[in-house]
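J.: Quick check, what structure comes out for this input:
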Amino acid sequence: MVNQSQLDVNVVAQLLKPPSEEREAAPQNSVRFGTLHTSYLPVPIELEIYFGSSQINMNDLAPTQINLNDLELTVLNNEIIVTVAVKHGEGNNLRVIRVDAQGNIYLF
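T.: Residues are numbered from 1 along each chain as shown. From the prediction side, this is the model:
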């Protein structure tokens, strides 16, 4: 997951299936789950992406004033690259990506 936010907000990613710890990415940084050569993730996969409420109080912004609507999925061979950007405005503050047993990708 790549955080391309222009705002100073960390984005948190956590695998729900298979379960993992939260991983934070500061703006212009990324986090990785699994590897392409030695540690594949078994399907189904469920990834939750959000920003922590402790990050929201910069400039007195409320959680409903920024969103994760700017999300892009790229599939490159056996890799799914999730690029997110936190932006001003109302919208989603939590996104879920699911990959089913057949490899279909769903974005919620």
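
J.: those strands in the protein, which residues are they?
T.: With DSSP state E as the criterion, the chain has strands at 2-3, 11-17, 23-25, 29-30, 45-50, 66-76, 79-88, 94-99, 105-107.

J.: can you redo the ones you listed as a markdown table with mean neighbour count?
T.: C-beta here means a position set from N, CA and C on the backbone, and glycine is covered the same way. A markdown table is the format used below for the strands of the chain (neighbours: other CB atoms under 10 Å):
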| stretch | mean neighbour count |
| --- | --- |
| strand 2-3 | 21 |
| strand 11-17 | 19 |
| strand 23-25 | 17 |
| strand 29-30 | 15 |
| strand 45-50 | 19 |
| strand 66-76 | 15 |
| strand 79-88 | 17 |
| strand 94-99 | 16 |
| strand 105-107 | 11 |
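
J.: so can I have JSON lines of those strands showing mean pLDDT?
T.: What follows is the strands of the chain, written out as JSON lines (pLDDT from 0 to 100):
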{"stretch": "strand 2-3", "mean pLDDT": "90"}
{"stretch": "strand 11-17", "mean pLDDT": "90"}
{"stretch": "strand 23-25", "mean pLDDT": "92"}
{"stretch": "strand 29-30", "mean pLDDT": "93"}
{"stretch": "strand 45-50", "mean pLDDT": "90"}
{"stretch": "strand 66-76", "mean pLDDT": "79"}
{"stretch": "strand 79-88", "mean pLDDT": "83"}
{"stretch": "strand 94-99", "mean pLDDT": "88"}
{"stretch": "strand 105-107", "mean pLDDT": "88"}
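
J.: can I assume E48 is in contact with V96?
T.: Yes: using CB atoms under 8 Å, E48 is in contact with V96, at 5.4 Å.

J.: can you list residues touching both of those two?
T.: Residues touching both E48 and V96 (CB atoms under 8 Å, 6 or more residues apart in numbering) are L16.
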